[in-house]
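*Asks:* With the sequence up front, the predicted model follows.
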Amino acid sequence: MGGALFALTACSPTVDQRGNLPPPERLAQIKAGETTRDEVTQILGSPSLIPSFDKNTWLYVSAKTQNLAFLKTQIVDQEVVEIAFNDDGVVQGVRQLGLKDAKNVVPVERTTPAPGHEITIIEQLVGNFGRFNPLAGRTTSNNPGGPGGP
């Protein structure tokens, strides 16, 4: 009986809620053309992220993920509030996006060529023989003109 109960609980999904999504009543206080950047920070707090390519856009992101045993974690729900500012720091617009608005980004699998050639493990091992000199850096009394001498 205990083993069956353990097996059932081991297969139940783990749901995590993460992010910084402002409550609707606070979001309603943000008015386009009136609210400044500092006021947005006071009302909503710091954004989840500010894109490096557009400092006039703030994003508040919240995501609910589900993980089942050894399977890949899946995003169950995602909400994003995008606040756009003009150059004077006044809100231009507020947009709410959901999981249906998400776009799948596929990374490019190119590599950057480097000069030279790749060294095999054998070349690495054999190439180091003879490079180690235990006497390097030592000075002797018989070498007055060498390092450490007068």
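*Replies:* Everything's here; your move.

*Asks:* who touches the residue nearest to residue 51 when sequence neighbours are not counted in this structure?
*Replies:* Among residues not flanking residue 51 along the chain, residue 57 sits closest, at 5.7 Å (C-beta to C-beta, 6 or more residues apart in numbering). For the C-beta atoms, the positions are set from N, CA and C on the backbone; glycine is no exception. Taking C-beta atoms under 8 Å, 6 or more residues apart in numbering, we find residue 57 in contact with 50-51, 82-85.

*Asks:* Of the residues you listed, grab the buried ones for PyMOL.
*Replies:* In PyMOL syntax, the buried subset of the contacts of residue 57 is picked out as below (16 or more other C-beta atoms under 10 Å):
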select buried, resi 82+83+85
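
*Asks:* Residue 65: which of the contacts of residue 57 is nearest?
*Replies:* Residue 65 has its nearest neighbour among the contacts of residue 57 in residue 82, at 20.8 Å by C-beta to C-beta.

*Asks:* Report how many residues lie close to the residue nearest to the closest one when sequence neighbours are not counted.
*Replies:* Distance criterion C-beta to C-beta, 6+ apart; nearest residue to residue 82, sequence neighbours excluded, is residue 95 at 4.5 Å. When neighbours are defined as other C-beta atoms under 10 Å, residue 95 has 11 of them.

*Asks:* Thank you, goodbye.
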